[in-house]
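Q: sequence first, then the predicted structure, then my questions.
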Amino acid sequence: MREVEPPHPRSPMRVLIVDDSSLVRLYYRAALERSGLAVEQAINGLEAMEKVLTQPFDLVIVDINMPGMDGISFVRSLRRSAPDVARLPVLVITTEAGQQDLGEARKAGANFYLVKPVSEESLLRHVAALTGAPR
Amino acid sequence: MSFAENKRYFIDRRLAERIAATQSGSFLAYFALLRSDAGHEIEHLVNAFTVNETYFYREDHQLRCLTSDLLADIVRRKPVGESIRIWSIPCSTGEEPYSIAIWLMENWSEVDRHNIEIVGSDIDTRALKAAAKGVYGARALMRLPRSIIDRYFKPVGDDRHQIDPGLRNSIQFTRANLVDVHDMARYRNFDVVLCRNVLIYFDDSSRRVAAENLHECIRPGGYICLGHSETMSRITQLFRVCRFPDAIVYQKPEANDA
């Protein structure tokens, strides 16, 4: 469970989307922005690590299969970071083909996973659940 | 490049425009300029001959056909992990490849499940530059609902809108000449090709060369869409006619059912 944070001066909620396909990033981003969230993007785990270490986020949505640093390695290094970064909730998204890696993702410390295709409704529902945001 | 006789007026007009633009004064003077290729005039002339006027969601029945029939068939036969490759040629100033990307995000529930590669090619380097920049006037956007304009474009003044950088990065723009076999050899393994309203400008032999080149660029079982006034059957028998509820498209037969 995530600790309850005091109300934050910054708003809106900030989500980092990590996927190597710019079309997929854009698809998720459009859905999240429609419901008022601020979205940042990264093309692999390495770029995502740079961003979570230098910018505040409320949630990371990460694909498993990516060139460079993949989603599982990202979750592992995230969980080994400084405490305020390490406790960021992570939603893993993968294709059916990547489903065999989900156990590994959970062991690495992912909070929840979804299998593609992910509908806008399902994405928003899980984002709300993981960030504790009202919908 | 060659043009049918009934396109003579079009050629004359564009040629006259270039003669005026270069202040050549006469065709002979302009021809001399062309032969010396001063100021890359050949490229300017090619650019003038290629028509660049289109708009987003033009011939949207083909986009509907893509998401309601073609992609399901392609995905069904596709090995796990293989990209879906879509080619817009000629792509002019980018309206068509961008329309495909937007259409897929708005209308295809499986859009995040596949790696989708969209390539836009044109012979006109000036058009390709404009495509990469992605700034459009009201006319180009007239068919798009307001909500889509707000989502994928940002206003840049003067009633003009620029395409989202994320969308820009998801499309690869390249120069290609449909009738140049070496040029076309760089393009392979497309699942869907949109080649609209360009073959009508070619004469019979160029048209056949272009169709044969395109055939080589398409995966077995892949599809090609032409403009609504064009038909592949009169050009070549390499493709099979497929009548879907939203559009007539042409399929490259698979090896085992050719």
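A: Looks like it arrived, so ask away. Numbering: from 1, shown residues only, chains lettered A, B, ... in the order given.
Q: do a quick rundown of the strands in chain A.
A: If DSSP state E is used as the criterion, the strands of chain A fall at A:14-18, A:38-42, A:59-63, A:90-94, A:112-115.
Q: run the chain-centre distance for the least confident helix or strand in chain A by mean pLDDT.
A: One helix or strand of chain A scores below all others by mean pLDDT, DSSP states H and E: helix A:102-108, with a mean of 91. Centroid separation for helix A:102-108 versus its chain: 14 Å, with CA atoms, centre = their mean, to the nearest Å.
Q: buried residues in it?
A: Applying a neighbour-count criterion of 16 or more other CB atoms under 10 Å in any protein chain shown, one finds A:102, A:104, A:105, A:108 buried in helix A:102-108. Backbone N, C-alpha and C define where each C-beta goes, glycine included.
Q: neighbouring strands of the biggest strand by length in chain B in the sheet, and parallel or not?
A: For chain B, the longest strand by residue count, based on DSSP E, is strand B:218-226. When pairs are called by DSSP bridges, strand B:218-226 turns out to pair with strand B:190-195 (parallel), strand B:248-251 (antiparallel).
Q: ok, and what's touching the least confident helix or strand of chain A?
A: Around helix A:102-108, the neighbours that count as contacts under CB atoms under 8 Å, 6 or more residues apart in numbering or on different chains are A:64, A:71, A:72, A:75, A:76, A:79, A:92, A:94, A:113.
Q: mind listing what the last one touches?
A: Spelled out, it's residue A:113. Per CB under 8 Å, 6+ apart, neighbours of residue A:113: A:91, A:92, A:93, A:94, A:102, A:105, A:106.
Q: any idea how far residue B:213 is from residue B:236?
A: Using CB to CB, to the nearest Å, we find residue B:236 at a distance of 11 Å from residue B:213.
Q: which stretches in the chain count as helices?
A: Picked chain A for this. A:22-34, A:45-54, A:71-79, A:83-86, A:102-108, A:120-131 (DSSP state H).
Q: that was the other one, I meant chain B.
A: Going by DSSP H, chain B shows helices at B:8-21, B:27-36, B:41-49, B:60-65, B:71-77, B:95-107, B:125-133, B:146-152, B:165-169, B:181-184, B:204-217.
Q: tilt between the last one and strand B:218-226?
A: An angle of 130 degrees separates the directions of helix B:204-217 and strand B:218-226 when computed by axes from the mean of the first three to the mean of the last three CA atoms, to 10 degrees.
Q: and helix B:204-217, what's buried?
A: In helix B:204-217, counting by 16+ other CB under 10 Å, buried: B:206, B:207, B:208, B:209, B:210, B:211, B:213, B:214, B:215, B:217.
Q: got it, and the second one?
A: By neighbour count on 16+ other CB under 10 Å, the buried set for helix B:27-36 is B:30, B:33, B:34.
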